[in-house]
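**Student:** Whatever this is, show me its structure:
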Amino acid sequence: MTSKFSATALIIGCGLLAAGPAFAGATQEQVRAELSQAIRAGESIGSGEFAARPRDLYPNRYPVKPEQSSVAREQVKAELVQAIRTGDSLSVTGLKGNELYPHRYPAKPLQSGRTRDQVKGELSQAMRTGEFVGNGELADD
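**Tutor:** Okay, the predicted model is just below:
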């Protein structure tokens, strides 16, 4: 019996020695303050059948956490100025400015997914295989 007790005491003692530096900085008042703050914010783990945070179970009881943006304020302002200049900002009607008044904004350049050389190559291949119908020719269907 004493050997089990000695082994248990040794294990607990080693655990406390190893965890000592982690608990050394927090006083009892600090731990209580952190616990009460966690309870107020709904971050404490509940007990019972559902071991979930109260914030997850009853989100309407707790204030919404502000989300941190990954974009800087200056970058957002620059993007807004760019959107207004190009007409990509939404109007009251839900349409973009360049859709409502296309003559007020510069035309967007059309971009093809293929290069000029690729298109020429496809044209020459279509002419060789007879898939291309020239000007004034009738297709044989």
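**Student:** okay, now the domains of the chain?
**Tutor:** Annotated domains of the chain cover 28-62, 73-104 [automatic domain parsing].
**Student:** between those domains, which one is nearest to residue 127?
**Tutor:** Smallest distance to residue 127 across those (C-beta to C-beta): 37.1 Å, for domain 73-104. Glycine gets a C-beta too; all of them are placed from N, C-alpha and C.
**Student:** can you give me how far that closest one is from the chain middle?
**Tutor:** Relative to its parent chain, domain 73-104 has a centroid offset of 23 Å by C-alpha atoms, centre = their mean, to the nearest Å.
**Student:** Nearest residue to residue 97 in space, please, no chain neighbours.
**Tutor:** Nearest non-adjacent residue to residue 97, counting by C-beta to C-beta, 6 or more residues apart in numbering: residue 87, 3.8 Å away.
**Student:** Next up, the contacts around that neighbour.
**Tutor:** Counting by C-beta atoms under 8 Å, 6 or more residues apart in numbering, residue 87 makes contact with 96-99, 101-102, 104-105.
**Student:** Of those, grab the buried ones for ChimeraX.
**Tutor:** Buried subset of these, written as a ChimeraX selection, criterion 16 or more other C-beta atoms under 10 Å:
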select :96,97,98,105
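**Student:** Among the contacts of residue 87, which one lies nearest to residue 77?
**Tutor:** Of all the contacts of residue 87, residue 97 has the smallest distance to residue 77: 17.9 Å, by C-beta to C-beta.
**Student:** Appreciated, that's everything.
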